[in-house]
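>>> Sequence and predicted structure are below.
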There are 4 protein chains.
Amino acid sequence: MSPAARHRAQKAYPGIHVTPDAAELIASPEIDAVAVITPVWTHYEIAKAALENGKHVFVEKPFTSTITQGEKLIELAARKNLKIMVDHTFLFTGAVRKICQLLEDGTLGKLYYYDSTRVNLGLFQHDINVLWDLAPHDLSIMDHLIQANPEAIVATGQKHLNCHEDVAFMTLYFPDKVIAHINVNWLSPVKVRTTLIGGEKRMLVWNDLEADEKLKVYDKGVNITNREGVYELLVSYRSGDMWAPQLEQVEALRQELSYFVDCISSGQDPHNDGHAGLRVVKMLEAATDSLNKRGALVYL
Amino acid sequence: MSPAARHRAQKAYPGIHVTPDAAELIASPEIDAVAVITPVWTHYEIAKAALENGKHVFVEKPFTSTITQGEKLIELAARKNLKIMVDHTFLFTGAVRKICQLLEDGTLGKLYYYDSTRVNLGLFQHDINVLWDLAPHDLSIMDHLIQANPEAIVATGQKHLNCHEDVAFMTLYFPDKVIAHINVNWLSPVKVRTTLIGGEKRMLVWNDLEADEKLKVYDKGVNITNREGVYELLVSYRSGDMWAPQLEQVEALRQELSYFVDCISSGQDPHNDGHAGLRVVKMLEAATDSLNKRGALVYL
Amino acid sequence: MSPAARHRAQKAYPGIHVTPDAAELIASPEIDAVAVITPVWTHYEIAKAALENGKHVFVEKPFTSTITQGEKLIELAARKNLKIMVDHTFLFTGAVRKICQLLEDGTLGKLYYYDSTRVNLGLFQHDINVLWDLAPHDLSIMDHLIQANPEAIVATGQKHLNCHEDVAFMTLYFPDKVIAHINVNWLSPVKVRTTLIGGEKRMLVWNDLEADEKLKVYDKGVNITNREGVYELLVSYRSGDMWAPQLEQVEALRQELSYFVDCISSGQDPHNDGHAGLRVVKMLEAATDSLNKRGALVYL
Amino acid sequence: MSPAARHRAQKAYPGIHVTPDAAELIASPEIDAVAVITPVWTHYEIAKAALENGKHVFVEKPFTSTITQGEKLIELAARKNLKIMVDHTFLFTGAVRKICQLLEDGTLGKLYYYDSTRVNLGLFQHDINVLWDLAPHDLSIMDHLIQANPEAIVATGQKHLNCHEDVAFMTLYFPDKVIAHINVNWLSPVKVRTTLIGGEKRMLVWNDLEADEKLKVYDKGVNITNREGVYELLVSYRSGDMWAPQLEQVEALRQELSYFVDCISSGQDPHNDGHAGLRVVKMLEAATDSLNKRGALVYL
């Protein structure tokens, strides 16, 4: 709706029609799919209108502001036989694809924990807190990697500057003793995008700010032996080589959009569909509930 | 009590008398003070015996296994007019002394948060979990810097390998919207010792693994203006120079022990006395309580 | 001359006229200035034609393939009252401007050395060796900072893969004991862009690959005292804070081009004019001469 | 000869006899081998006296001040059937042993270059320049890895503070297009110990200051194809995983001394014998010659 933004868009892509009116887009008979890249609180109304007009929708993360909204959109899309894709862009990066493969092929062994730090200075959002702003990245990655729903969530945080939390911490209890943790902060002097993932066989560090060597896989581990008749556990540490696999050099968003088009053409449901988006919203709602109670354990 | 350890000690310091029997030390009329560097669960009995024999005591952190034990030792020392010093070594490092000074002289401005990551592979302890092993460092530093007791604590974690938590996260709510967070982990492939401290005027990163430049102070901040009649808050970011102050090149333990001797000679109470040790044990007990309930909010 | 490149240019800037024929540009009466962004060996002919047609010229570094060519262009531009600017882009970055200021205002003290490492994998050039490809950056920066001509140059290197050196090292002896050194390499597994600059009062490290904190200024130094009657020199080391000044966030090329336009409008000679370009070519010719003799000392 | 040093030694090792008189040691019938850890200019006289008294000698690097001295010691040891070991400690580190293995087993492919940066603030030596102080490390490693003598050497440098060069650069031309380069500096604000080694098949970075991951091996390379009838060379880049092999956790000096004892017992000549020490001295003499001529090419 900003005239300056429209001007820039028109200048960069002179061949397209630019409009300040979403309704015009949604109503256009020449358009098959709509991308909803707007503040979270507007997702539901715009996506709903688009689906009602027979458009497939690609929605920015987080999918919706509430679980109910997400459920309604999913139901509507199913009824109209349309596709919803939620923009969980990280799932299309070389790093996450490689981590996924290392888990699937057993390289990491049984998963122990997922621990992400995602902090920087700003950018403060006016309508959402730091959890809703930054945690969806990690929640969507976890959802994809762990392939299970969390049993319970604990979130803590603090509002220093205005009415939204600017520092927050979140623990997710998954089945089988998998624990996940997210540290998000709008008030950090340095930018950090580091995730530790520990498995029974190997552990890895994913530093997304590294130009090369984003992923380092460590042949390290701990073995516990409980010898008969011995009171104390015997702990032994295993330490071997480190290995930084070369990652696919792909532009994640381009891959994702190409996948969106493929799904529409083939009728296949994307893995980052409305249900995936909804699972993330459910975690965010539980976290908000916990945060409001200063860290109460909230079961999902 | 290990013969090999006694042999090493005797070889390194041929002039001293080495004994496997703590009672011998405690009973010796030639000794004025005893250092209790043993597993936590033995602190109380040994320190108690030493105090009863008229010795000043220097006790490894954490001070005691329970609040009650700590209170009893404090009471006993007061009655016998003896000093207790708890080994909060970090308070004597150049880094913590500088941070303390930056807070006291207003360089950082009002404190917003303290966020520490203290992870590595092992060393598993047999008698305590990772919180009791690693968090006392941060709790004693916080206690020293923040100069206030936390109002409530939330701790989460998981046991992957044996009967003690090997991964844990802890949030502490302090008065005046100060929030603290500790991430401790025995199953990390890399060693991390990094603390972010955010203030209203400046923010800092303390990386204790850096040989030089352990402390980086950032002239960065966020200003929020609430203009009359304007719905949205105006957020502006301030960004200036980074500055790594030279730190005192001191051997912390040597400083601490020299301070212990000074306190005994002068009759002055050390700042890291039994009360300081007890405050840390109180936080650990609350954290344990919360951890056992998978993250319930525990008020202190 | 590549149709694909012309197509991309036309698409990005639909309003401009794109042509494969440099002569068309040079002859156009609507054009005041021409930018020559072509292989080095073509600079002279194109720039000469442009100047003869009354155009100001902006020429990629290195200015020309030979000293004679450079001299002829300077003479021609002077005769026609036209401006030459050589694209020494780094001079317009926040980092180099700050270093320049630190030298001028005495912060660094008397300059001791300039030592640059500029290595990466590829990109092999077909017409020039690694010195002509990468060293002009450092030579133009040195020329700007040191404000003196080198007295002598020594260059060594090796050709591993084809007819041009892919690894090379260059030492420049400047007056007043200032020494400069450049390490360039097309066969390095990692990309490095690091320059050490040592002064009598302070020293700095410029790491151009750092997102923030590109420049670190160290309050470090060495004092030598020659006490009367004492045989050995007394060396004392000074060590203080490190300081990373905030740099201007400017797009160097934009600044440079805006300065080009200003110089044309005002008639002022740019500091990076043909003479500056020629000084760099002189260093490169001397270095080539030395390199061909496997490191002979070549006086300028 | 310093009483304080003797006192410290006696205190640490109460069982040994400490003396200020080297002659006493050398004459002692109870001693089989002498370690000469003294300034370079004293090596020859002390080692000579020790050999004449029938002692095996372990000599600090660099072996001697001149080629002639080295040759005389080798001749004397041979005549007396005694062993000389020169303290090229780095050859016994896990890092150099691994690099050696990677070269020998063909992992790196044909060697292209060895490029070392070894800089820090101080410590100024009174009797030798920075080349003689720091370069012997790299020269002994190169000698061990490359297994060939350099054909020619070029050294440049500058004296800023006293009568010895404090900044110096050295290029060594080895047979088969292998080039080596050493950058040594006593006036650097930061400590750097980084060596790049490029081979036809793989390249590596050895950062000796890293606690873990000292060695990173890159599956990177360049292929040049010269297609028939095509004027330009086709350059293609190969890029794969990075790999940090676990290194042996050995204390290099302990290994070296144990090897010294083994060589004496078994009669085997150590690989770091007088001849190895002499080869390094020859390179240093050639470098000094070149340095004095400001970088003339000196053939060996």
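Cool, the structure landed. Quick caveat: nothing in here was measured; it's all calculated off a predicted structure.
>>> ok, now which ones touch the closest residue in space to residue A:37 that isn't next to it in sequence?
Distances taken as CB to CB, 6 or more residues apart in numbering or on different chains place residue A:60 nearest to residue A:37, at 5.1 Å, with adjacent residues excluded. The way it works is simple: take the backbone N, C-alpha and C, and place the C-beta from them, glycine included. Counting by CB atoms under 8 Å, 6 or more residues apart in numbering or on different chains, residue A:60 touches A:36, A:37, A:38, A:40, A:43, A:86, A:87.
>>> tell me the two of those residues that are most distant?
Put simply, by CB to CB the two of the contacts of residue A:60 set farthest apart are A:38 and A:86, 13.8 Å from each other.
>>> Compare those two and say which is more crowded by neighbours.
The residue with more neighbours, out of residue A:38 and residue A:86 and counting by other CB atoms under 10 Å in any protein chain shown, is residue A:86; that gives 31 against 15.
>>> how about the nearest residue to residue A:55, chain neighbours excluded?
Residue A:55 sits nearest to residue A:34 (CB to CB, 6+ apart), 4.6 Å away.
>>> Show the pLDDT at the one you found.
According to the prediction, residue A:34 has pLDDT 97.
>>> again with the one 5 residues further on
Per-residue confidence at residue A:39 stands at 93 (pLDDT).
>>> how much space between it and residue A:132?
Plainly put, residue A:39 is 11 Å away from residue A:132 if you go by CB to CB, to the nearest Å.
>>> what comes up buried for the biggest helix by length in chain A?
In terms of residue count, the longest helix belonging to chain A (DSSP state H) is helix A:274-292. Neighbour counts using 16 or more other CB atoms under 10 Å in any protein chain shown place A:274-288, A:290-291 of helix A:274-292 among the buried residues.
>>> Toward the C-terminus, what is the element adjacent to it?
strand A:298-299 (DSSP states H and E).
>>> Now tell me what touches that following strand from outside.
Judged by CB under 8 Å, 6+ apart, the contacts made with strand A:298-299 from elsewhere in the structure are A:151, A:152, A:153, A:154, A:286, A:287, A:289, A:290.
>>> swap the cut-off to 10 Å and go again
The contact list for strand A:298-299 (CB atoms under 10 Å, 6 or more residues apart in numbering or on different chains) reads A:150-155, A:173, A:283, A:285-292, B:294-295.
>>> wait, residue A:21 sits on residue A:46?
No. The pair formed by residue A:21 and residue A:46 falls short of the contact definition of CB atoms under 10 Å, at 11.7 Å.
>>> higher neighbour count, the two?
Each of residue A:21 and residue A:46 had its neighbours counted (other CB under 10 Å), and the higher figure belongs to residue A:46 (19 against 9).
>>> and the worst-scoring helix or strand of chain A on mean pLDDT, does that touch chain B?
The helix or strand of chain A with the lowest confidence, counting by mean pLDDT, DSSP states H and E, is strand A:234-244 at a mean of 85. Yes. In terms of CB under 10 Å from any CB of the partner chain, part of strand A:234-244 sits within range of chain B, namely A:235, A:236, A:237, A:238, A:239, A:242.
>>> circling back: quick check: neighbours shared by residue A:38 and residue A:86?
A:59, A:60.
>>> Mind pulling up the pLDDT for the spatially closest residue to residue A:158 that is not a sequence neighbour?
Among residues not flanking residue A:158 along the chain, residue B:179 sits closest, at 3.9 Å (CB to CB, 6+ apart). In the prediction, the pLDDT value recorded for residue B:179 is 98.
>>> OK, contacts around residue B:179?
The contact partners of residue B:179, by CB under 10 Å, 6+ apart, come to A:156-160, A:165, A:167-169, B:111-115, B:150, B:171-173, B:198.
>>> Any chance of the residues of strand A:234-244 next to chain B in CSV with neighbour count as columns?
What follows is the residues of strand A:234-244 next to chain B, written out as CSV (neighbours: other CB atoms under 10 Å in any protein chain shown):
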residue, neighbour count
A:235, 17
A:236, 11
A:237, 12
A:238, 12
A:239, 14
A:242, 24
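>>> From those residues, pick the one nearest chain B.
Of all these, residue A:235 has the smallest distance to chain B: 4.5 Å, by CB to the nearest CB.
>>> in the sheet, who's paired with the closest one?
Counting by DSSP bridges, residue A:235 forms beta bridges with residue A:224.
>>> And for residue A:118?
Residues in a beta bridge with residue A:118, per DSSP bridges, are residue A:184, residue A:193.
>>> so which strand or helix has residue A:157?
strand A:152-158.
>>> Next one: residue A:187 from residue A:134, what distance?
The separation that residue A:187 has from residue A:134, given CB to CB, amounts to 12 Å.
>>> Quickly list what's touching both of these two.
Residues touching both residue A:187 and residue A:134 comprise A:119, A:120, with contact defined as CB under 10 Å, 6+ apart.
>>> hang on, the earlier thing: would you mind getting the angle between whatever helix or strand comes next after the strand holding residue A:157 and helix A:274-292?
Sequence order places strand A:167-173 as the next helix or strand after strand A:152-158, per DSSP H and E. Using axes from the mean of the first three to the mean of the last three CA atoms, to 10 degrees, the interaxial angle of strand A:167-173 with respect to helix A:274-292 works out to 120 degrees.
>>> partners of strand A:167-173, with directions?
When DSSP bridges is applied, strand A:167-173 pairs with strand A:152-158 (antiparallel), strand A:179-185 (antiparallel).
>>> quick revisit: tell me the mean pLDDT for the longest helix of chain A?
Helix A:274-292 carries an average pLDDT of 97.
>>> same deal with stretch A:139-155?
Mean per-residue pLDDT for stretch A:139-155: 97.
>>> Can you give me the distance of residue A:30 to chain B?
Using CB to the nearest CB, to the nearest Å, we find residue A:30 at a distance of 35 Å from chain B.
>>> secondary structure class for that residue?
Classification of residue A:30 by DSSP: H, G, I helix; E, B strand; the rest coil places it in coil.
>>> which ones are touching it?
Going by CB under 10 Å, 6+ apart, residue A:30 touches residue A:17.
>>> Tell me where the model's unsure across chain A.
Confidence mapping of chain A against pLDDT under 70 gives the ranges A:226-234.
>>> hey, where'd the strands end up in it?
Ranges of strands within chain A are A:33-36, A:56-60, A:84-87, A:111-121, A:152-158, A:167-173, A:179-185, A:187-199, A:203-207, A:215-225, A:234-244, A:298-299, based on DSSP state E.
>>> Can you lay out these as a markdown table showing distance to residue C:78?
Conversion of the strands of chain A to a markdown table gives the following (distance: least, CB to CB, whole Å):
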| stretch | distance to residue C:78 |
| --- | --- |
| strand A:33-36 | 57 |
| strand A:56-60 | 59 |
| strand A:84-87 | 59 |
| strand A:111-121 | 51 |
| strand A:152-158 | 67 |
| strand A:167-173 | 63 |
| strand A:179-185 | 59 |
| strand A:187-199 | 50 |
| strand A:203-207 | 54 |
| strand A:215-225 | 57 |
| strand A:234-244 | 55 |
| strand A:298-299 | 78 |
